[in-house]
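>>> When you get a sec, could you give me coordinates for this:
(one chain, ligands or ions: 1)
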Amino acid sequence: MAFSYFIIINKFAGSGNAAKIWPHIESTLLEKNVAYKMVTSDYAGHVTEIAKERANQHRNDEIIIVIGGDGTLHEAINGLKQSSFEVPIAYIPAGSGNDFARGLGMSKDPQTALSQILAATKPKIIDVGRYVAQDSPTPHYFVNNVGIGFDAAIVAYTNHSPMKSKLNRLHLGSLSYLTSIFHVMSNQPGFKIDVVNGQQVAHMDNAFLVTLSNHPYFGGGVKILPTAKIDSGELELILIEKMTWLQFIHMYSLMLRGKHYSMPIVQHIVGKNIQLQIHSAEQGQVDGEELGKHAFNFDFDVIKYPFMIKL
Ligand SMILES: Nc1ncnc2c1ncn2[C@@H]1O[C@H](COP(=O)(O)OP(=O)(O)OP(=O)(O)O)[C@@H](O)[C@H]1O
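So this is what the prediction gives:
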């Protein structure tokens, strides 16, 4: 079956990487005589609007391809879920972290990713995380993770640091993350969290990192939840207590071998429906986008979504 492709590009993703790869993608599409239409996003939030509007047109045999980073894919999924039809999505990674591509096991090389998309004749059904805040009935969706505490504070600190754009211009983006890790490790206190997972109840008095994920990776390739699978129908949650630097280094070295669940400061929870309650004001992030600093009372579960890829 010949599909046509509607391509949404966030040219700013990956510090301009998405814009750089497009001419190469375009020449492959022209060479292979593939039917496509391309649009670029003009502002943050635009990808959600474009994806929703296009899906609502309900064109037969059309696939929506997103070119950008995890944040761009996040926006597109949320737009598609707001539409009245389930249009299959595909993705060419061009961001800086690209954790979704890692988690799915697809190529991070744009041309190979394009070949994997064009070779797909039917969608792979993957999990997408869903959450509802108790004070608002609107569901939100995530492809990677939701984090409260450490990872979210790093996202917020990095985004608001005046150093970020200077370092990005010098292609030293990783340095701004390192600076943020030092800042957050030194300044963020622990907080109380309650978790309900079906019949299981968990609690931590001095939580520092709370990450609920759809697959193993966060932070640009860190295997925080090595047991998580993108099509398991379940989410995995890791809670880590406030750590000393020594514990942090020890945990990181265990994490490299996938052995950190065994540490007494770590709790690992797997479930289909997970509720998180944090009463103090903490930073939150979803797929690397800021959720702000506030209390959290979120219910999580998983939905299935068609994703065009031949692995
Ligand atoms: N035209 C635009 N102008 C400004 N921001 C945009 C535009 N289009 C999309 N965005 C925003 O850009 C943000 C960053 O994009 P994205 O996360 O995809 O790239 P990245 O941060 O480089 O990649 P990754 O998350 O994989 O590290 C997204 O939050 C999205 O809302």
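
>>> Can you get me the start-to-end distance on stretch 159-166?
This stretch, stretch 159-166, spans 12 Å end to end (CA to CA, to the nearest Å).

>>> try stretch 278-298
Looking at stretch 278-298, the gap from its leading to its trailing residue is 9 Å under the measure CA to CA.

>>> what residues does that stretch touch?
69-71, 73-74, 97, 131-135, 140, 142-149, 151-153, 155-156, 159, 191-194, 207, 210, 275-277 (CB atoms under 8 Å, 6 or more residues apart in numbering). Every C-beta, even on glycine, is put in place using the N, C-alpha and C of the backbone.

>>> Mind doing that once more with 6 Å?
Residues outside stretch 278-298 that contact it (CB atoms under 6 Å, 6 or more residues apart in numbering) are 70-71, 74, 131, 133-134, 142-144, 146-149, 152-153, 155-156, 191, 193, 276-277.

>>> And for stretch 74-87?
Under the criterion CB under 6 Å, 6+ apart, external residues in contact with stretch 74-87 comprise V47, T48, A51, K52, A55, N56, H58, I64, V66, Y141, V143, D287.

>>> Dump it to CSV, keeping only the CA atoms.
Below are the C-alpha coordinates for stretch 74-87, written out as CSV (Å, rounded to 0.1, in the frame of the first residue of the first chain):
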residue,chain,number,x,y,z
HIS,A,74,5.4,15.1,22.7
GLU,A,75,3.6,18.0,21.2
ALA,A,76,2.5,16.0,18.1
ILE,A,77,1.1,13.1,20.2
ASN,A,78,-0.9,15.5,22.3
GLY,A,79,-2.3,17.1,19.2
LEU,A,80,-3.2,13.8,17.6
LYS,A,81,-4.9,12.7,20.8
GLN,A,82,-7.0,15.9,20.8
SER,A,83,-8.3,15.0,17.3
SER,A,84,-11.3,12.9,16.4
PHE,A,85,-9.3,10.2,14.5
GLU,A,86,-6.4,7.9,15.3
VAL,A,87,-3.8,8.8,12.6
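
>>> need the helices for the stretch 201-311 of the chain, in chain order.
Read by DSSP state H, counting those that start in this stretch, the stretch 201-311 of the chain holds these helices, from start to end of the chain: 245-256.

>>> Kindly report the same for the stretch 51-200 of the chain.
Shown for the stretch 51-200 of the chain, the helices assigned by DSSP H, counting those that start in this stretch span residues 70-82, 99-104, 110-118, 150-160, 163-169, 173-187.

>>> Those helices into a markdown table, with extra columns for mean neighbour count, mean pLDDT and distance to the ligand?
Converted to a markdown table, those look like this (neighbours: other CB atoms under 10 Å; pLDDT from 0 to 100; distance: least, CB to the nearest ligand atom, whole Å):
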| stretch | mean neighbour count | mean pLDDT | distance to the ligand |
| --- | --- | --- | --- |
| helix 70-82 | 25 | 98 | 2 |
| helix 99-104 | 24 | 97 | 7 |
| helix 110-118 | 19 | 98 | 13 |
| helix 150-160 | 21 | 94 | 10 |
| helix 163-169 | 14 | 69 | 9 |
| helix 173-187 | 16 | 86 | 9 |
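
>>> Now render the ones you listed as CSV, adding distance to K223.
Conversion of these to CSV gives the following (distance: least, CB to CB, whole Å):
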stretch, distance to K223
helix 70-82, 16
helix 99-104, 9
helix 110-118, 21
helix 150-160, 14
helix 163-169, 25
helix 173-187, 17
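
>>> Of all these, which one is nearest S4?
Closest of those to S4 is helix 110-118, at 11.7 Å (criterion: CB to CB).

>>> Just name whatever secondary elements the closest one is in contact with.
Where contact means 3 or more CB pairs under 6 Å, 6 or more residues apart in numbering; DSSP states H and E, helix 110-118 is packed against helix 13-31, strand 89-93.
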